[in-house]
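Chemist: coordinates only, no sequence provided:
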C-alpha cells in the first residue's frame, strides 16, 4: 500500500516565525489532504490538494504529484498554530493513509 | 465545526465490558469511514460504509468489533469484551466528492 512520510517529526518555533512541513508519498494519489489536529483531538481540514498550490490566510500548500511530495507553509506562526499536522493520501476512493504527523509547538 | 458529530466524546470502561459509539455524518454525504488513532500515530482505517452497506473492513477490525449504518444515516461502532489494547481515539469521517473527508471530534476510549 501507499506509504506516507512526514518531516520533521517535531518542530519548535518562536511566535512570528515561518515554517515548511513536508509530506512524501510512495505512489500516485487521487487525493491529498492536510489536517491540523488540535489538543482536543479534532482533525481540522486545512487543504484538499491532490495537485497545485492553494492559499488560505497564513497557510499555503503545494503538491507536486509527479514528484510525490507536498509542502505546507505556515507564515507568521501564532501559538494557536500549535498541534499536530497530518498529511493523508488515497489512491482512489480508498481509505486515507496518514503519515505520523509533525508536532508543532509555537512559543510566545 | 466540521458538521460531523460523535457521541460520547469520552468513555471509560472496565476490561471485558461492551461499548458502543455513535457517529452522525453530514446529512447529504452517503459515504462514511471509521478510523482508530493511538498515541503518537496517525489515524488508521477500520471500516467503510456507502449508504447502509459495509463495503470494506480492515484486518484491524477483529471479531469483537462490529459496525452498522442502519438506513444509511448515523453509524454505530460496537466493541465487545473490551481489552486494554482497545484504548484509543475512535474517529468517524464523512465523505464529500472526490473522497475529501471531514472528521468528527472523536470518541476517546480508555479501558481499565
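Modeler: Alright, I've got the coordinates. Everything numeric here is computed off the predicted structure, so don't read it as measured data.

Chemist: looking at this, residue A:16 is in a helix?
Modeler: No: Residue A:16 sits outside any helix when classified using DSSP: H, G, I helix; E, B strand; the rest coil, being coil.

Chemist: near chain A, which residues of chain B are found?
Modeler: B:2, B:33, B:35, B:37, B:40-45, B:48, B:56, B:58, B:89, B:91, B:93, B:98-103, B:105-106, B:108 (CB under 8 Å from any CB of the partner chain). Heads up, the C-betas are built off the backbone N, CA and C, glycines and all.

Chemist: of the residues you listed, select the buried ones using a PyMOL command.
Modeler: PyMOL command restricting these to the buried ones, with burial defined by 16 or more other CB atoms under 10 Å in any protein chain shown:
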select buried, chain B and resi 2+33+35+37+42+43+44+45+48+58+89+91+93+99+101+102+103+105+106+108
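
Chemist: test my guess that residue A:6 contacts residue A:34.
Modeler: No: contact criterion CB atoms under 8 Å: residue A:6 and residue A:34 do not qualify, at 10.1 Å.

Chemist: give me the common contacts of those two.
Modeler: Common contacts of residue A:6 and residue A:34, defined by CB atoms under 8 Å, 6 or more residues apart in numbering or on different chains, comprise A:23, A:85, A:86, A:87.

Chemist: which of the residues of chain B next to chain A fall within helices?
Modeler: With helices taken from DSSP state H, there is no overlap with these.

Chemist: report the closest residue of chain B relative to chain A.
Modeler: residue B:42 (2.9 Å; CB to the nearest CB).

Chemist: residue 57: neighbour count?
Modeler: I'll assume chain A. Per other CB atoms under 10 Å in any protein chain shown, the neighbour tally for residue A:57 reads 7.

Chemist: that's the wrong chain, I meant chain B
Modeler: Residue B:57 has 15 nearby residues by other CB under 10 Å.

Chemist: show me the contacts for the nearest residue to it once chain neighbours are set aside.
Modeler: Spatially, and ignoring its direct neighbours in sequence, residue B:57 is nearest to residue B:47 (4.8 Å; CB to CB, 6 or more residues apart in numbering or on different chains). By CB under 8 Å, 6+ apart, the contact list for residue B:47 reads B:33, B:34, B:54, B:56, B:57, B:58, B:61, B:67, B:77.

Chemist: just flag the most distant two among the residues you listed.
Modeler: Greatest spatial distance in the contacts of residue B:47: B:56 and B:77, 14.4 Å, computed using CB to CB.

Chemist: what sits closest to residue A:89 if chain neighbours are left out?
Modeler: Sequence neighbours aside, residue A:29 is the residue nearest to residue A:89 in space, at 4.3 Å (criterion: CB to CB, 6+ apart).

Chemist: so where is chain A shaky, pLDDT-wise?
Modeler: The model of chain A has no residue with pLDDT under 70.

Chemist: tell me the residues of it that contact chain B?
Modeler: A:4, A:30-31, A:33, A:35, A:40-45, A:48, A:50, A:86, A:88, A:90, A:92-101.

Chemist: of those residues, just the buried ones, ChimeraX syntax please.
Modeler: Per 16+ other CB under 10 Å, the buried members of those correspond to this ChimeraX selection:
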select /A:4,31,33,35,41,42,43,48,50,86,88,90,94,95,96,97,98,99,100,101
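
Chemist: residue contacts, whichever residue of chain A sits closest to chain B?
Modeler: Of all residues in chain A, residue A:98 sits closest to chain B, at 2.9 Å by CB to the nearest CB. Counting by CB under 8 Å, 6+ apart, residue A:98 makes contact with A:4, A:86, A:87, A:88, B:41, B:42, B:43, B:44.
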